[in-house]
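Asks: coordinates for the following, if possible.
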Amino acid sequence: MIFAGQRIVPNFVGYIFDNLGSLELTPATIRELHALLSVDLIQRRYVGALRNVAVGIGGSSYTPLDNRLQLEEELRRILDVAGRIK
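Replies: You can find the predicted model right below:
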């Protein structure tokens, strides 16, 4: 699904293919992928960054984490689990 600009997906896919043999799931890699996917969708200061403001999801009772330290820890936990999947 492409929301803004036809260049988002080719840049993202190009990054994946260019780095396929050496791509490691690290927080830095996730931020880079986020930047490629969000460059035309959100304010520049949020591109590739962990958010530091509370957000809500309309029509949902779910409340996303709103603490940067919790977000960083959860990202590391998810990447740790992903790294153990074979």
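Asks: flag the shaky bits of this structure, pLDDT-wise.
Replies: 1-10, 86 (pLDDT under 70).
Asks: most centrally placed residue in it?
Replies: H34 (3.7 Å; CA atoms, centre = their mean).
Asks: sec struct for it, please.
Replies: helix (DSSP: H, G, I helix; E, B strand; the rest coil).
Asks: so it touches G48, yeah?
Replies: Yes: the pair H34 / G48 is scored as a contact, 5.2 Å apart, by CB atoms under 8 Å. For the C-beta atoms, the positions are set from N, CA and C on the backbone; glycine is no exception.
Asks: what is the burial count for N52?
Replies: N52 is flanked by 10 other residues according to other CB atoms under 10 Å.
Asks: please apply the same query to L36.
Replies: L36: 20 surrounding residues under other CB under 10 Å.
Asks: ok, it to T29 distance?
Replies: According to CB to CB, to the nearest Å, L36 stands 11 Å off from T29.
Asks: now A54
Replies: A54 is 26 Å from T29, by CB to CB.
Asks: neighbour count winner among the two?
Replies: More neighbours surround T29 than the other of A54 and T29, with 14 against 10 (other CB under 10 Å).
Asks: tell me the helices and strands packed up against the one helix or strand that one maps to.
Replies: In this structure, T29 sits in helix 27-38 according to DSSP states H and E. The helices and strands touching helix 27-38, judged by 3 or more CB pairs under 8 Å, 6 or more residues apart in numbering; DSSP states H and E, are helix 8-18, helix 68-84.
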